[in-house]
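Undergrad: Give me a model of this one.
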Amino acid sequence: MKKMVAIASGLAAGLAATSVGAQAANAATTPEPAPSLPKAQDVVSPVIKRGSKIYVVVQDTQKQVVPVYNQDGEKISGHVMMGTHHIAQSVKKVNGKKIVKINGRQWLNVSDVTKE
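TA: Okay, the predicted model is just below:
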């Protein structure tokens, strides 16, 4: 009788271990999908037009200046400091790059400014 109880309890323990092992193996092979979070809105770059207030931003934080271009999109000797505010007098596309006029002969690349 004791042998029968020992065999039955061993069999029950073995079945329990295999079912736990099967669940662990199943969980390891089929990952659950992550809970879906609400999607953030896509960032939209505002279009800079004539009369827009613009702010100079710098990607190179060591120099803190951006190059100035002429009306043909060529770099000239001047620089504009980061953080300065301007009003866009004109916007045009030259040689594949969009430039913004900030005063008489100075133009800035659109990637160097942001709309306020």
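Undergrad: Every contact and neighbour count from this point should use C-alpha atoms.
TA: Will do.
Undergrad: tell me how far the ends of stretch 54-65 are from each other?
TA: 15 Å (C-alpha to C-alpha, to the nearest Å).
Undergrad: what comes up buried for that stretch?
TA: 54-58, 65 (16 or more other C-alpha atoms under 10 Å).
Undergrad: Throw those into a markdown table and include pLDDT and secondary structure, thanks.
TA: Written out in a markdown table, the entries for these read as follows (pLDDT from 0 to 100; DSSP: H, G, I helix; E, B strand; the rest coil):
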| residue | pLDDT | secondary structure |
| --- | --- | --- |
| 54 | 91 | strand |
| 55 | 89 | strand |
| 56 | 90 | strand |
| 57 | 87 | coil |
| 58 | 80 | coil |
| 65 | 89 | strand |
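Undergrad: Out of those residues, flag the one nearest to residue 89.
TA: residue 54 (10.4 Å; C-alpha to C-alpha).
Undergrad: What's opposite the closest one in the beta bridge?
TA: Residue 54 forms beta bridges with residue 86, residue 115, as assigned by DSSP bridges.
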